[in-house]
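Peer 1: Sequence first, then the predicted structure:
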Amino acid sequence: MNFFLKIFKFLPPEFAHSASLNSLNLLHKSKLLFLFNNKIINKNEYTIFGMKFKNKLGTAAGLDKNGDYIDALGALGFGFLEVGTVTPKPQYGNPKPRIFRNYSENSIINRLGFNNKGIDYLVNNLKKRKYGGVVGVNIGANKSSKGIERINDYLLCIEKIHKFADYITINISSPNTPDLRDLHLKENLKNLIASVENKITKLNFKKPIFLKVSPDETDESIEMIIDLVKKSSITGVVATNTTIDKENLINKKLKKEDGGVSGQPLMDKSTNKISLIRSKCSDIPIIGVGGVMSKKDYLTKLSAGADLVQIYTGFIIKGPNLINQIVRD
Ligand SMILES: Cc1cc2nc3c(=O)[nH]c(=O)nc-3n(C[C@H](O)[C@H](O)[C@H](O)COP(=O)(O)O)c2cc1C
């Protein structure tokens, strides 16, 4: 697999992303994936928020936006997968180039802007999946939707996905859809939560719902959000999405690119938000994500208070071996 990683390094990032995941799919379908993947030995099974997990490491949203790679990613040994972000209508996203890899700093900057094939396409893939582990669906709003239409987009996604997702994540924290992060503001978030509660009551939806938050919110804002979540039907939080803060980056050229930073430079910032949330509420379920590049980072997220951990950039930069290193007992 390291051989492939080296080749993919020289390809344009988006092409490398789909080429590597398509190769993974092919290997999985030809039953050859085991050649590249050590057997993961774990005797434990964890029941968290009423769902059963073989291990606590999952994929973060964005890695498989359309659910095209569910069975192959599941076979690699992840304990759960979060697919999406999906929007009601398909959309192209921002103009290319929109992903920038920064290998020397174990980081990526992306400004994809929710490129995806739309909710109906994802539903179809969820129906076809053979992977028996937990699959959450991360939902968002189309770029063309404004004001109330934006809330309606989340409701439409919930309606279409609720029978096929094991949990749903409401993504209000992508920095690449203009004004989306305004949904962190108290009145906006209250409206969104009330509308979601109304919808899930009508649908009799009882599975967990998470809110994915930004690492760029102040501590006061995060405290306010946790307060609202505690009083609502929202189960827990995914902390965090990418940061727009490029202060920590060394590469001067990349510093100038718009978009969200993920990977190592995000580790401390997102872990601090997890610690803050846990300190404010001892029993709120937290999925911790941001900057996990090693088993040590993974354990740091758990010690900070995360119940489960997700990974994206570490998987892209270090490859599938990292999963084995992290989840092996
Ligand atoms: C290329 C790329 C695309 C992403 N797309 C999404 C997305 O569609 N929805 C979302 O909630 N997060 C998305 N993210 C953010 C990740 O889910 C994750 O929160 C963030 O990258 C921090 O984790 P990491 O440091 O392990 O990458 C994306 C990240 C990257 C690098």
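Peer 2: Sure, I can see it. Residues are numbered from 1 along each chain as shown.
Peer 1: Could you double-check that residue 306 lies in contact with residue 286?
Peer 2: Yes. With contact defined as CB atoms under 8 Å, residue 306 counts as touching residue 286 (4.9 Å). (Each C-beta comes from the backbone N, C-alpha and C, glycine too.)
Peer 1: what does the stretch 201-329 of the chain put close to the ligand?
Peer 2: Proximity of the stretch 201-329 of the chain to the ligand, by CB under 6 Å from any ligand atom, involves residues 212, 241-242, 262-263, 266, 289-292, 311-314.
Peer 1: For stretch 122-136, buried residues please.
Peer 2: Residues of stretch 122-136 classed as buried by neighbour count (16 or more other CB atoms under 10 Å): 122, 123, 125, 126, 129, 131, 133, 134, 135, 136.
Peer 1: isn't the fifth one right up against residue 69?
Peer 2: No. Distance between residue 129 and residue 69: 10.3 Å, which falls outside the contact criterion (CB under 8 Å).
Peer 1: how about the nearest residue to residue 301 once chain neighbours are set aside, phi and psi?
Peer 2: Leaving aside its sequence neighbours, residue 301 sits nearest to residue 288 (CB to CB, 6 or more residues apart in numbering; 3.8 Å). Backbone torsions for residue 288, taken as degrees, to the nearest 10, come to phi -90, psi 130.
Peer 1: Tell me what residue 288 is bridged to.
Peer 2: Note on residue 288: beta-bridge partners by DSSP bridges are residue 239, residue 309.
Peer 1: What distance do you get for it to residue 108?
Peer 2: 18 Å (CB to CB, to the nearest Å).
Peer 1: Who has more neighbours out of the two?
Peer 2: Taking other CB atoms under 10 Å, residue 288 and residue 108 do not tie; residue 288 has more neighbours (31 against 25).
Peer 1: Bridged to residue 57, which residues?
Peer 2: On the basis of DSSP bridges, residue 57 is bridged to residue 309.
Peer 1: show me the contacts for it.
Peer 2: Taking CB atoms under 8 Å, 6 or more residues apart in numbering as the contact definition, residue 57 lies against 78, 79, 298, 308, 309, 310, 311, 323, 326, 327.
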